[in-house]
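Chemist: requesting a structural model of the entry that follows:
(chains A and B)
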Amino acid sequence: DQQVKQNSPSLSVQEGRISILNCDYTNSMFDYFLWYKKYPAEGPTFLISISSIKDKNEDGRFTVFLNKSAKHLSLHIVPSQPGDSAVYFCAASEGGATNKLIFGTGTLLAVQP
Amino acid sequence: NAGVTQTPKFRVLKTGQSMTLLCAQDMNHEYMYWYRQDPGMGLRLIHYSVGEGTTAKGEVPDGYNVSRLKKQNFLLGLESAAPSQTSVYFCASSYGALYQETQYFGPGTRLLVL
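Modeler: Predicted structure coming up:
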């Protein structure tokens, strides 16, 4: 039972264009969402997050949008750069005392020069 | 400031052998986590700890044990390795869970069980 789903295993985008990565979730108790970026042979690194009380959070070239009614969030990267090529994981948390995260399966982004 | 480190980076085991993976953090974080990453499965939580001397089960705890004797270290043990435990293991830590804390990950340990 996958509570966090990333239905696109891979995405290819031209340098300078927008990359849009999508994530869907089923658990209505999730109240905090994060995106992690992972390069090969490295651990995931935190990219950006959003609380359920917001519908948008922006950090430089990265923007995360949250649609609670649709249980959907997306990560926009504008403009995309070759260095953005990595696997992107969506994660969600119910909050509480444990800070446990539920991860999606990841999307491999390839930005073509 | 090394962040989160993991030892070893790579290991090959035979079925039935035991081993311990070590995770260390120098950020004075209270919370620590062990995940495994498998193709098509994302990262799944094995065990976690909310403070020195405490441990708790995550999503996939069977076949693993953990200990948190010191705040900075979190050990993951495999008593009798099985091929199904072939995976990449990641350790993570966070300050706590006061409010939506970010988890910081180590570089991973690649384990192959033959």
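Chemist: so what's residue 72 scoring on pLDDT?
Modeler: I'll assume chain A. Looking at residue A:72, its pLDDT is 98.
Chemist: actually chain B
Modeler: So residue B:72 comes in at 97 (pLDDT).
Chemist: what sits against it?
Modeler: Listed by CB atoms under 8 Å, 6 or more residues apart in numbering or on different chains, the contact partners of residue B:72 are B:24, B:25, B:26, B:28. Quick note: C-beta positions are derived from backbone N, CA and C, even for glycine.
Chemist: the third one: neighbour count?
Modeler: Read it as residue B:26. As a burial measure, residue B:26 scores 12 neighbours (other CB atoms under 10 Å in any protein chain shown).
Chemist: same check on residue A:62?
Modeler: Counted with other CB under 10 Å, residue A:62 comes out at 17.
Chemist: where's the most far-flung residue of chain A relative to its centre, which helix or strand?
Modeler: Distance to the chain centre peaks in chain A at residue A:97, reaching 23.1 Å (criterion: CA atoms, centre = their mean). According to DSSP states H and E, residue A:97 maps onto no helix or strand at all.
Chemist: was I right about it contacting residue B:50?
Modeler: Yes - the pair residue A:97 / residue B:50 is scored as a contact, 6.9 Å apart, by CB atoms under 8 Å.
Chemist: what residues does chain A put near chain B?
Modeler: A:4, A:6, A:32, A:34, A:36, A:41-46, A:49, A:51, A:89, A:91, A:93, A:95-101, A:103-106 (CB under 8 Å from any CB of the partner chain).
Chemist: hmm, try it at 6 Å
Modeler: Within chain A, the residues that sit near chain B (CB under 6 Å from any CB of the partner chain) are A:32, A:42, A:43, A:44, A:46, A:97, A:99, A:103, A:104, A:105, A:106.
Chemist: reformat those residues as JSON lines; add pLDDT and secondary structure.
Modeler: Below are the residues of chain A next to chain B laid out as JSON lines (pLDDT from 0 to 100; DSSP: H, G, I helix; E, B strand; the rest coil):
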{"residue": "A:32", "pLDDT": "92", "secondary structure": "strand"}
{"residue": "A:42", "pLDDT": "94", "secondary structure": "coil"}
{"residue": "A:43", "pLDDT": "95", "secondary structure": "coil"}
{"residue": "A:44", "pLDDT": "96", "secondary structure": "coil"}
{"residue": "A:46", "pLDDT": "94", "secondary structure": "strand"}
{"residue": "A:97", "pLDDT": "75", "secondary structure": "coil"}
{"residue": "A:99", "pLDDT": "77", "secondary structure": "coil"}
{"residue": "A:103", "pLDDT": "95", "secondary structure": "strand"}
{"residue": "A:104", "pLDDT": "96", "secondary structure": "coil"}
{"residue": "A:105", "pLDDT": "95", "secondary structure": "coil"}
{"residue": "A:106", "pLDDT": "96", "secondary structure": "coil"}
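Chemist: good, we can wrap up now.
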